[in-house]
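J.: Fold the following.
(4 chains)
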There are 4 protein chains.
Amino acid sequence: MINVGIFGASGYTGLETIKILRKHPQVKLIFATSESGAGQNLRDIYPISWDMPLVAAADAPLNKVQAVFCCLPHGASMSTVAAARQESACVIDLSADFRLTDAAVYEKWYQVPHAEPDLLAEAVYGLSEVNRADIGAANLVANPGCYPTSILLALYPLLQRKLLDLTMPIIADSKSGVSGAGRKATLKSHFVEANENLSPYSIGQSHRHVAEMAETINRLGGVGEKLIFSPHLVPISRGMLSTIYVTLNKDMTAEQIQKLFQQTYADKPMVKILPLGQLATIAHTQNSHLAVISITAVTPRQLILCSSIDNLGKGAAGQAVQNFNLMFGVNESEGLI
Amino acid sequence: MINVGIFGASGYTGLETIKILRKHPQVKLIFATSESGAGQNLRDIYPISWDMPLVAAADAPLNKVQAVFCCLPHGASMSTVAAARQESACVIDLSADFRLTDAAVYEKWYQVPHAEPDLLAEAVYGLSEVNRADIGAANLVANPGCYPTSILLALYPLLQRKLLDLTMPIIADSKSGVSGAGRKATLKSHFVEANENLSPYSIGQSHRHVAEMAETINRLGGVGEKLIFSPHLVPISRGMLSTIYVTLNKDMTAEQIQKLFQQTYADKPMVKILPLGQLATIAHTQNSHLAVISITAVTPRQLILCSSIDNLGKGAAGQAVQNFNLMFGVNESEGLI
Amino acid sequence: MINVGIFGASGYTGLETIKILRKHPQVKLIFATSESGAGQNLRDIYPISWDMPLVAAADAPLNKVQAVFCCLPHGASMSTVAAARQESACVIDLSADFRLTDAAVYEKWYQVPHAEPDLLAEAVYGLSEVNRADIGAANLVANPGCYPTSILLALYPLLQRKLLDLTMPIIADSKSGVSGAGRKATLKSHFVEANENLSPYSIGQSHRHVAEMAETINRLGGVGEKLIFSPHLVPISRGMLSTIYVTLNKDMTAEQIQKLFQQTYADKPMVKILPLGQLATIAHTQNSHLAVISITAVTPRQLILCSSIDNLGKGAAGQAVQNFNLMFGVNESEGLI
Amino acid sequence: MINVGIFGASGYTGLETIKILRKHPQVKLIFATSESGAGQNLRDIYPISWDMPLVAAADAPLNKVQAVFCCLPHGASMSTVAAARQESACVIDLSADFRLTDAAVYEKWYQVPHAEPDLLAEAVYGLSEVNRADIGAANLVANPGCYPTSILLALYPLLQRKLLDLTMPIIADSKSGVSGAGRKATLKSHFVEANENLSPYSIGQSHRHVAEMAETINRLGGVGEKLIFSPHLVPISRGMLSTIYVTLNKDMTAEQIQKLFQQTYADKPMVKILPLGQLATIAHTQNSHLAVISITAVTPRQLILCSSIDNLGKGAAGQAVQNFNLMFGVNESEGLI
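T.: Sure thing, here's the model as predicted:
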């Protein structure tokens, strides 16, 4: 059994991580922290029927765990991650704090200086299927954002084989359920404002996830600056669909592309490629930890990729546990399927 | 034209009141106040396409209006109402501040002392169909709560004719859309908490509206203490259905009861009685200012009344304008149908 | 391993049953039938990512299974159940066909003659917590309806101890998600008709589940005829809440009643009693196989019980598997928690 | 008063058209047809509180009306339109039957031969703001599809001024509420299938509206074949948002583009351009007859246009009445604002 602790148990990603880990056959949950809920039980905060005492982060027995999941907001996460690393715990950080390699870029997008720039070099970007080997060897994994996960997994087979026309925009039109915005009560997440509505926000190149995606696209040989990304809030609790428009640098048939995607993900249990003619929907992955991708060839050069994940599953807690499994040599899909 | 002002324009009931009044052929809107939005336009706050400048309450030209609608929260409303009365403006107050006749009862339920107890005697409870004559003569109308409107309109024909078994409970199981809880961002109104959920709250005799309903039931010859009231939050933006279980003091047929309800509401344009066999649903009144009631006879003594209103329509702004029409001798349904 | 077959795999209860059983450690799924989907795979019909071939019922190898779950519509189920019993398979029937003990009563409510009246005597009503011993010994279990499950589990501790005032109505106001109406496309289940709406239907004593509940209430010493039952359709996919109003035959404190409920369900893993002051909501059980009940004492005689289940979980597939576990001597909550 | 008749009153667009026309000060509604509802009243079919008798189409007194709105499904509409024209009634046809100028193209996309090819030349495409003069002179207006309306209104100011890079794709990612699919009960519109889901369908260049849009784009000097169109079904009852990605043929600032859009729509009461920095959402137009468009400049060449309409408002009934107003010399926005 691997002893595990959770920081930030009272948010949606924290709750989801705990839900997975309490049934994970190789995990023993040692502690779960919540500042607002310290001294209470998780079931005082959520309508659940099982037991999970909450402690303040300061009281978390870091020396008793081999791994921690850090489900704190960005900015708040870095110091906790550093403390855990100090105690030699492996860390899966679900915040944005260690996703960008450059502290200056982080500060530009997140408006706060990075307090632990030395740790950035140690961090591996936890896009499980893309960085599997590095994740297996890592002590600190920066779990990707939900939008980047849905978009990068769809682009990866094309980037990997240098099939994108690098002069053309990559357009990702994404739709996310409201839990992606967290549990903080805001006007944006007010039921009456979100229900029966659908609203774009931070579209173009202004959303923070653009930086994270551009970095990986560039690393894989694409042109990150060509990415246009438009997130939309949709009136569902959880789930995410990205509709992605790309241009190839040579003519290909739908069957060729389909085959190539299947090859890339053949031995990856958490990514499924739909048969040609089927389109990925949010229902394909809701309440699961999978990514499901469909391919539509509009012309021999023009593709539409639909990529579905649950923003709390493969987009957060599910991928975090998948990375944990890779880090500890456990079967990749343990606890997830 | 009647010059009108609105206090509290940025809440849902304020917005709804303005939506009605800007198309009301006898009304000229002189001002709309919002503390948080003062200096802005209503369309900076809501996704609307028309113009409505917002001023601070302190800057509202009370001397230029004949009537004000007060859409402030309870507690905050009383002093504004008093100021408006001071300037001889007629007032329709949508808060709870003038609904109870006794300042001590108000303090018990609302946990604040009543700052304007002298005005209580002047206030008429604005259940339009029940107190029509008094409303017509009133200068200050206390607009009823949404739950009381839906329940009392259904009980009225039976109370009026002394047909209820006074020893038996009156059970009102009510379901309300989330806008009933106001626009303040809270965990309860968070999309992810309310969506795909349905939750009872303050059930039994603990909700504040119990006091308001008991008072009217007693005034009409019933036993207010027999009321059991269970509100539930349902995942819709607006609308309300009360399912009401009552016992008669003599055997009656469904046809007899139906006829009696039709008689009571024959000349009341804002209340509709469904034919026997049809059941009132939230869709019957959503986005309207009507109440729709259906009658189901379970046994010769046991009735189920389903009463549907839009909580922002007949349950708030619609009834407020209906009362305004009655106060100013305008056709009762002007601007509402 | 116990070999199991499913009839009616393409409906919502069939799908849910398969979802549980494919992860159940003691079960081997041998076949799943669907007339409309025969020759296809379940993932051609639902957005799922796993494999389940569908066969016509006529091709189901009944001789290879020890148990079958029958997820067919009422009326269609009886002959399949008889065929399975002929082959000595144990049967959990999720339809209404074997819930009523009297073939004449069945015909009255379901408008078709019962084709297998001899099997009625063999059938045990599968309300797991109430009939546990009989279920353990049964070869044919009639899985209860979703509404009866939510209501009877809440009444059971009071009926068992003869605490109800038998002269007073038992009022159950129930709210159900749309999946309770099945997957057949109808106007009632059309998104635009159900969304932003809430509609009562078959209220009073006209819904078929009244007969089923009355029978169990009478068997437990209550007066089934006193039940008034009002189902409402609410705009959620799955989940059910019953708000139940009962009168005691003696004064009791909330604490006494609470204690009594806890005693009744102390050793029942699938039923949870909330602490006093908390109210059961649909979120408490959604996507689970639990029932969660809360108690509110309005007066020393007047109680409100809120009872939450997932209509597809404890209200159908979850209870079916629970009954299967009891029938085969497996841990009651295996595969369910 | 203009005497008007409605064919196809029992569908969503028929209902919406009647809702507008019964309050339209210059309209007298003479008849409303429904084959399934003939002999009934519209309020037997919908939860409404007003009166509208339904007749069979064969019994519609065509000789008594000056205009008819044809709200029948495509294919079924053409013969009714021809009959109405025969009686000299002006026709606003909300189906697709007269939108394409070429009968062969119609047959290709709609899989049925066009029964009234001679009438095609007479029909004017009713995109009110684009074809205003022609509509004013027309006797037969083909009301545009909802998707084309939302997309073409956003492209029009750029097409009109030849500002699009004609070599680059025009990508329209559209999201529609479920009422767009009509009132027929199908699995796609089943609440449980659509709720908490979001699904792309007919993406690329395979949706029928592609033909209609390409024709208008070509007519306005663009390259219709460059259009890539991806409709998505979203879990709301009504409303539509198109997020449109276009490339300019020269560098422009956001302010320049904004100004140009405002000029195009300055005297068009039913189209609103949002200030820079605001994004159009579905809430901006829901339950209205407006189109609301926002402009986001990603780079000096790359624009994102967000275009919001209510699919039943400006996307169907609202635009139909707007066209009717233009045809009869009535104020364009009469009955609509």
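J.: my read: A:Leu312 touches A:Ile18, true?
T.: No. Counting by CB atoms under 8 Å, A:Leu312 sits too far from A:Ile18 to count as a contact (11.8 Å). C-beta here means a position set from N, CA and C on the backbone, and glycine is covered the same way.
J.: more crowded one of the two?
T.: Higher neighbour count among A:Leu312 and A:Ile18: A:Leu312, with 27 against 23, using other CB atoms under 10 Å in any protein chain shown.
J.: and the helix or strand bottoming out on mean pLDDT in chain A, what does it pack onto?
T.: Here the helix or strand of chain A ranked lowest by mean pLDDT, DSSP states H and E is helix A:42-45, holding a mean of 94. Packing contacts for helix A:42-45, counted by 3 or more CB pairs under 8 Å, 6 or more residues apart in numbering or on different chains; DSSP states H and E, involve no helix or strand.
J.: Could I get the buried residue list for it?
T.: For helix A:42-45, a neighbour-count test (16 or more other CB atoms under 10 Å in any protein chain shown) marks A:Leu42, A:Arg43, A:Ile45 as buried.
J.: Could you double-check that A:Leu54 lies in contact with A:Gly37?
T.: Yes. Taking contacts as CB under 8 Å, A:Leu54 lies within contact range of A:Gly37: 4.4 Å.
J.: what touches both of the two?
T.: A:Ala9, A:Ser10, A:Ile45 (CB atoms under 8 Å, 6 or more residues apart in numbering or on different chains).
J.: Among those residues, which one sits closest to chain B?
T.: The shortest approach to chain B among those belongs to A:Ile45, at 9.4 Å (CB to the nearest CB).
J.: burial count for A:Met240?
T.: 32.
J.: Could you pull up the residues touching it?
T.: A:Met240 touches A:146-147, A:150, A:174-177, A:180, A:282, A:308-311, A:315, counting by CB under 8 Å, 6+ apart.
J.: Need the residues you listed in JSON lines (columns: secondary structure and pLDDT).
T.: Formatted as JSON lines, those follow (DSSP: H, G, I helix; E, B strand; the rest coil; pLDDT from 0 to 100):
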{"residue": "A:Cys146", "secondary structure": "helix", "pLDDT": "98"}
{"residue": "A:Tyr147", "secondary structure": "helix", "pLDDT": "98"}
{"residue": "A:Ser150", "secondary structure": "helix", "pLDDT": "98"}
{"residue": "A:Ser174", "secondary structure": "strand", "pLDDT": "98"}
{"residue": "A:Lys175", "secondary structure": "strand", "pLDDT": "98"}
{"residue": "A:Ser176", "secondary structure": "strand", "pLDDT": "98"}
{"residue": "A:Gly177", "secondary structure": "coil", "pLDDT": "98"}
{"residue": "A:Gly180", "secondary structure": "helix", "pLDDT": "94"}
{"residue": "A:Ile282", "secondary structure": "helix", "pLDDT": "98"}
{"residue": "A:Ser308", "secondary structure": "strand", "pLDDT": "98"}
{"residue": "A:Ile309", "secondary structure": "strand", "pLDDT": "98"}
{"residue": "A:Asp310", "secondary structure": "coil", "pLDDT": "98"}
{"residue": "A:Asn311", "secondary structure": "coil", "pLDDT": "98"}
{"residue": "A:Gly315", "secondary structure": "helix", "pLDDT": "98"}
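J.: Which of those residues ranks first by neighbour count?
T.: Counting by other CB under 10 Å, top hit in these: A:Ile309 with 36 neighbours.
J.: Give the bridge partners for that residue, please.
T.: On the basis of DSSP bridges, A:Ile309 is bridged to A:Met240, A:Ala291.
J.: For whichever residue of the stretch 51-200 of chain A sits closest to chain C, grab the count of nearby residues.
T.: Using CB to the nearest CB, the single residue of the stretch 51-200 of chain A nearest to chain C is A:Glu196, 6.8 Å away. By the measure other CB under 10 Å, the count of residues near A:Glu196 is 24.
J.: That one and A:Val234, how far apart?
T.: For A:Glu196, the distance to A:Val234 (CB to CB, to the nearest Å) stands at 11 Å.
J.: Would you mind identifying the next helix or strand past the strand or helix carrying A:Ala84?
T.: Counting by DSSP states H and E, the element that carries A:Ala84 is helix A:77-86. Downstream of helix A:77-86, the next assigned helix or strand under DSSP H and E is strand A:90-93.
J.: avg pLDDT for the helix or strand just after that following strand?
T.: Following strand A:90-93 in sequence order, the next helix or strand is helix A:103-110 (DSSP H and E). Averaged over helix A:103-110, pLDDT sits at 97.
J.: Tell me which residues are up against helix A:103-110.
T.: A:His74, A:Gly75, A:Ala96, A:Asp97, A:Leu100, A:Pro113, A:His114, A:Pro117, A:Leu120, A:Arg208, A:Ala211, A:Glu215.
J.: Check stretch A:217-228 too.
T.: A:130, A:152, A:155-156, A:159-160, A:162, A:164, A:166-172, A:204-205, A:210, A:213-216, D:245, D:298, D:302, D:304.
J.: now the residues you listed: which count as buried?
T.: A:130, A:152, A:155-156, A:159, A:164, A:168-172, A:204-205, A:210, A:213-216, D:245, D:298, D:302, D:304.
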